[in-house]
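Q: Based on what follows, work out the 3D shape:
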Amino acid sequence: MPKNFVKNSFLIAIAFFCATHMSYAQDNGPTIQNPFAERGALINIAPNADGNLTLGGEYKQPKNVIEQEKPVFWTWAADIGYTSEYNFRGTNLTPDAHGAGFIDAEVSKWNFTLGIYGIHQFGNAHADGWSMGEGGGGGAATPLFLIFPPPSPIPPLPITDFPTTTQSEFDELDVYLNYHLALGPVDLTVGNIAFFIQRDAQTVVREFVGPFTFHFAGQTFFIPRQEFRHHTAPTVGDEQFDRVFVKLSTSKIPYITPSITYYQTIYNEGQDAQPYAGILPRGGPFERNEALGGYLDGRLRGNFPVTHWLTINPYGVISVSFHDRVEPVSNPTVFRDFIRGRTLSGWDVAQAGLELPIHLLHHMGTSTGPYAPPDVNLYLVPFAWYSYHISDPTPGTDRNEWWGGAKFTLTF
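A: Numbers count the residues shown, from 1 in each chain. Got it, this is the predicted structure:
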C-alpha cells in the first residue's frame, strides 16, 4: 500500500465530498445503505411505500406537489466528527490516545452505494502488548518465563518480558461498494470493503530476572526480582484487508430495523515483526493473525421520533468470530502464543449504543430540469457506546469499554 495514499486519506475523502457536492447541480439520487452501522452515516434515508423519505425518523415529502413526480437521480451523504476512541468490533485500536477524527462520504445510484471513510488518531496510543491492531496484539496478557542458562553453579534464571507498544500514528482509509435489493419484506445488501491502514508503532520490552534462590559452598543466596535490560522490538505496521459481506434486514417492523451481516476476509496482508537477536524463530507469521477468517454481526436499530427536530436511535449489537481475530492465551507454552495469541472462534463482543440526531437545517432547492431539486438536511448527532467483550480482550482493550463523540451529518 503506498504510504502517501493513506497519509492523504482525509484529502481524498474531502475531494470525494466536494466532487459529489458540486455535481449535484446536475443530478441527484437513491437509498443510502452504509455497512458501517457503528461509524457511517446513521441517518437512514429510504423511500417508503408512498415515495416519501425517512429522515431522522421523520416521514416527510421531499418535494412539493409540483416537483413530487420528478425522479431523484442520485443521493449522497457525508459525516465529519470526533470519537473518544476508535473502537472496531469491541477492539480499541487507539487506546489512551486523545481520540480520533473521522470523515465519511458516499453516493448512491441505481441501488449501488460507493463510499469512502477515513479516520485519524490524535496523540499517541499505548498498550501493554507486543502490538496493536485487529490482526495482531493478542499476546502479552500473561508474562512468559524464559529460562536463561548461566554458568555453573548458578541455576537457570527465570527471565520475564513485559512489552509496551506506543502507536504514534494511525490512519485508516476504507473504500466500499455495495448493492441493495428489496426482496419483498426483506432487504438484501451485498458488497465489498477495502481497508488500508498506516501505522507507526514501536514496542519497548522490559526484561526482569528473578527472583531465584541457589546454594553454593554451603550457603544460600537469594536474588530478588530486578530489571536487567530493556530494548526495542519489532511490531506490526501497515496493514491491508479486503472483506466481502452479505446483509439481510427488514424495515417492515415499526420503529425497529433488525439486520444480520456476514463478513468474509478475502485478503489479509501487513508488515509483521521479523526475527531479532535470536528471540523470534524464523518462519512466521509472528505477531499478525493472517487467517482469512470471517464474522457474523447481528444488530437491532431503533428509530423513535420525539419531535420534528429530535430522534432517538438506540442500537444493540452482538458478534461471533470465525478466526478473523485473536484472543490472549492464559498460559502460553510457546513464544508464538505469547506474542500473538490464538485465533478466536466463538462469541466475540456485545455492544449497546445510543445516537440522538438533531435536525439543524433543512433547505429545499428548485429544479427546472427533469430531476427532483436538492433537498438538503443537516444534523448534529451526539453518540455514546458501551462494549462488553465476551471473549478475552487483547491488550489495550478493557472488557467493559465506554466511548462517545459527535458528528455532523449532511444529506442530499
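Q: strand partners of the helix or strand containing Leu344, parallel vs antiparallel please.
A: Taking DSSP states H and E as the criterion, Leu344 maps to strand 342-355. Applying DSSP bridges to the sheet, strand 342-355 is found paired with strand 311-327 (antiparallel), strand 375-389 (antiparallel).
Q: right, and these - which one's nearest His363?
A: Minimum separation from His363 across the strands paired with strand 342-355 (C-beta to C-beta) falls at strand 375-389, 4.4 Å. Any C-beta I mention is one placed from the backbone N, CA and C, and that applies to glycine too.
Q: What is the next helix-or-strand element following the closest one packed up against?
A: Once the chain leaves strand 375-389, the next helix or strand it forms, by DSSP H and E, is strand 400-411. Helices and strands touching strand 400-411, by 3 or more C-beta pairs under 8 Å, 6 or more residues apart in numbering; DSSP states H and E, are strand 75-83, strand 375-389.
Q: got the angle between the last one and strand 75-83?
A: In terms of direction (axes from the mean of the first three to the mean of the last three C-alpha atoms, to 10 degrees), strand 375-389 departs from strand 75-83 by 50 degrees.
Q: what's the distance between strand 375-389 and the middle of its chain?
A: With C-alpha atoms, centre = their mean, to the nearest Å as the basis, strand 375-389 stands 15 Å off its chain's centre.
Q: Please apply the same query to stretch 260-276.
A: Counting by C-alpha atoms, centre = their mean, stretch 260-276 comes out at 14 Å from the chain centroid.
Q: Show the average pLDDT along it.
A: If you average the pLDDT over stretch 260-276, you get 86.
Q: circling back to that earlier point, between the strand holding Leu344 and strand 400-411, how many degrees?
A: Using the same axes, to 10 degrees: strand 342-355 against strand 400-411 is 60 degrees.
Q: Could you single out the most deeply buried of the strands paired with strand 342-355?
A: strand 311-327 (a mean of 21; mean count of other C-beta atoms under 10 Å).
Q: Take that one, keep the C-alpha atoms, and write them as PDB.
A: Output of strand 311-327 as PDB, limited to C-alpha atoms (Å, rounded to 0.1, in the frame of the first residue of the first chain):
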ATOM      1  CA  THR A 311     -34.900  11.400  17.100                       C
ATOM      2  CA  ILE A 312     -33.700   8.700  19.500                       C
ATOM      3  CA  ASN A 313     -31.700   5.900  17.800                       C
ATOM      4  CA  PRO A 314     -30.800   3.000  20.200                       C
ATOM      5  CA  TYR A 315     -28.600   0.100  19.000                       C
ATOM      6  CA  GLY A 316     -27.900  -3.400  20.100                       C
ATOM      7  CA  VAL A 317     -25.000  -5.500  18.500                       C
ATOM      8  CA  ILE A 318     -23.600  -8.900  19.000                       C
ATOM      9  CA  SER A 319     -20.800 -10.500  17.100                       C
ATOM     10  CA  VAL A 320     -19.400 -14.000  16.500                       C
ATOM     11  CA  SER A 321     -15.900 -14.500  15.200                       C
ATOM     12  CA  PHE A 322     -14.700 -17.300  12.900                       C
ATOM     13  CA  HIS A 323     -10.900 -16.900  13.300                       C
ATOM     14  CA  ASP A 324     -10.900 -13.300  12.000                       C
ATOM     15  CA  ARG A 325      -9.200 -12.000  15.100                       C
ATOM     16  CA  VAL A 326      -7.200 -13.200  18.100                       C
ATOM     17  CA  GLU A 327      -7.600 -13.700  21.800                       C
END
